[in-house]
Structures are given as structure tokens and as C-alpha cells.
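Student: can you look at this prediction? I've put the sequence above it.
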Amino acid sequence: MSEPFLILDNRLVAKHQARLPASCRALTHGQSCFETLRLYPGFRVFGFQDHITRLMRGAVKLGYEASLHGSMVSPENIPAQIRKLAAANGFENREARIRIQLGRADSAGIRDSGSPGFFLMITCTGVSPESEPLRLMSTVRQRISAAALDASVKWSFYQPNIEELENAAAHGFDDVLMADRHGHVCETA
């Protein structure tokens, strides 16, 4: 089944009709953060508040202020948006993956314009039950250091992870284990 709808700025929109401006800073400069949640039947999400807290931490770092930009990103608003989206895509009683992305929509250059704009996009896709164990490989590439990129927020820059995942797939693996600068496994691609 196709998942034809997404939420964009609190509106249910057909995916093929969703639009962001080409000059959007999330696109031109990568200024966005996200959270990925597993939605279980009955609209249950494990650790929902932890995910929202981290998303809000990223929102603040991007310059989002609820008093100035409204309440589109709020612990009160997001569950209703997820319910609406899951129902529209037929996931009332099925597991799904929800991705919430908050990005800068203003079109200023690299210097902050002082009045940022934002978009909130929520997508919903199906998940297939895992029937086989995952085949994992390790890589010598390190995860971007927390000293370089604050690891308390899930930023949208994933190019190194994507490259490593593609390399793993080319070698017959499902995913790759990435380590921090100390050699400790810290994430998969």
C-alpha cells in the first residue's frame, strides 16, 4: 500500500502536492532536525516524550520560539497530527514509522536574517516485520564527533551514514555499525 499523504505545517497534503521553496534553508544549508518514531497499533509510541524533548531541543537551536512562531511544534499538537496522518494512510491498526522534521524555511543566505521561518513535515510509512536477523558490518569511518555536531539533536545531515549504508549493501550487508572517536559502537547507518 502506498502512503499518499503527509502533514506539512499541520495540513494533511497529498505527497505529490507538497511543496517547499527551492531557496528554503533546510534545502540550501541543511538546517533541519528530525525524529523517527515507531507507531504501534492503538497509536502507541515508545518514549514519545523523549523524542519530542529532543526535537524541541533541536528547534531551539534552529531559532524556533513558540511565542514567535506559533505552536505547530508542540507536545500537544504533534500527537493529533500523527493520528490524522496515520488514519489517512491506513495505519490505525498497523505498525508504521513516523518521521517528524522541523526545518528552516526562510531563504536568507548563510547569515541569519533575524526572522526565521519554519516548516514542520510529518511522514508515515509502513514497516515490514523482520523475519531474518540483520547482517551487520563495521566501518572505520567514525560518526561525526559530538564536538563537531551536537549529538543531543538528530540533525538532517546524513551523507556519511548514507555512503556507509550503500557500501554495506554492496557487500551483502543490511546495515553498518559506526563508532565514535574512541572506537565505541554508537549507531548504525
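Tutor: Looks like it came in fine.
Student: residue 100 belongs to a strand?
Tutor: Yes: residue state for residue 100 (DSSP: H, G, I helix; E, B strand; the rest coil) corresponds to a strand.
Student: next, the buried residues of the longest helix along the chain.
Tutor: Taking DSSP state H as the criterion, the chain has its longest helix at helix 48-62. For helix 48-62, burial by neighbour count (16 or more other Cβ atoms under 10 Å) applies to 48, 51-52, 54-56, 58-59, 62. C-beta here means a position set from N, CA and C on the backbone, and glycine is covered the same way.
Student: could you dump these to CSV with distance to residue 34 and pLDDT?
Tutor: CSV is the format used below for the buried residues of helix 48-62 (distance: Cβ to Cβ, whole Å; pLDDT from 0 to 100):
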residue, distance to residue 34, pLDDT
48, 15, 91
51, 10, 93
52, 12, 91
54, 10, 93
55, 8, 92
56, 13, 90
58, 8, 92
59, 11, 90
62, 11, 89
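Student: between which two of those is the distance greatest?
Tutor: 48 and 62 (20.9 Å; Cβ to Cβ).
Student: where does this structure have low pLDDT?
Tutor: Along the chain, the parts satisfying pLDDT under 70 run over 1, 69-70, 108-114.
Student: dump the residue contacts of residue 26.
Tutor: Residue 26 makes contacts with 20, 32, 101, 103-105, 119, 156, as judged by Cβ atoms under 8 Å, 6 or more residues apart in numbering.
Student: could I have the buried ones of those residues as ChimeraX selection syntax?
Tutor: A single ChimeraX command selects the buried members of these (16+ other Cβ under 10 Å):
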select :32,101,103,104,105,119,156
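Student: ok, the contacts of residue 26 vs residue 43, which is closest?
Tutor: Nearest to residue 43 among the contacts of residue 26: residue 101, at 20.0 Å, using Cβ to Cβ.
Student: hmm, back to that, elements contacting the longest helix of the chain?
Tutor: strand 32-40, strand 96-104 (3 or more Cβ pairs under 8 Å, 6 or more residues apart in numbering; DSSP states H and E).
Student: now the helix or strand following that helix: how far from the chain's centre is it?
Tutor: Sequence order places helix 66-69 as the next helix or strand after helix 48-62, per DSSP states H and E. Taking the mean of its C-alpha atoms, helix 66-69 sits 21 Å from the chain's own mean (Cα atoms, centre = their mean, to the nearest Å).
Student: next: stretch 120-129.
Tutor: Relative to its chain's centre, stretch 120-129 lies at 10 Å (Cα atoms, centre = their mean).
Student: in it, which residues are buried?
Tutor: Neighbour counts over stretch 120-129 (16+ other Cβ under 10 Å) mark 120-124 as buried.
Student: stretch 7-21 now?
Tutor: Across stretch 7-21, burial judged by 16+ other Cβ under 10 Å covers 7-8, 10, 13, 18.
Student: before we move on, what about stretch 151-162?
Tutor: Neighbour-count burial for stretch 151-162 flags 153-156, 161 (criterion: 16+ other Cβ under 10 Å).
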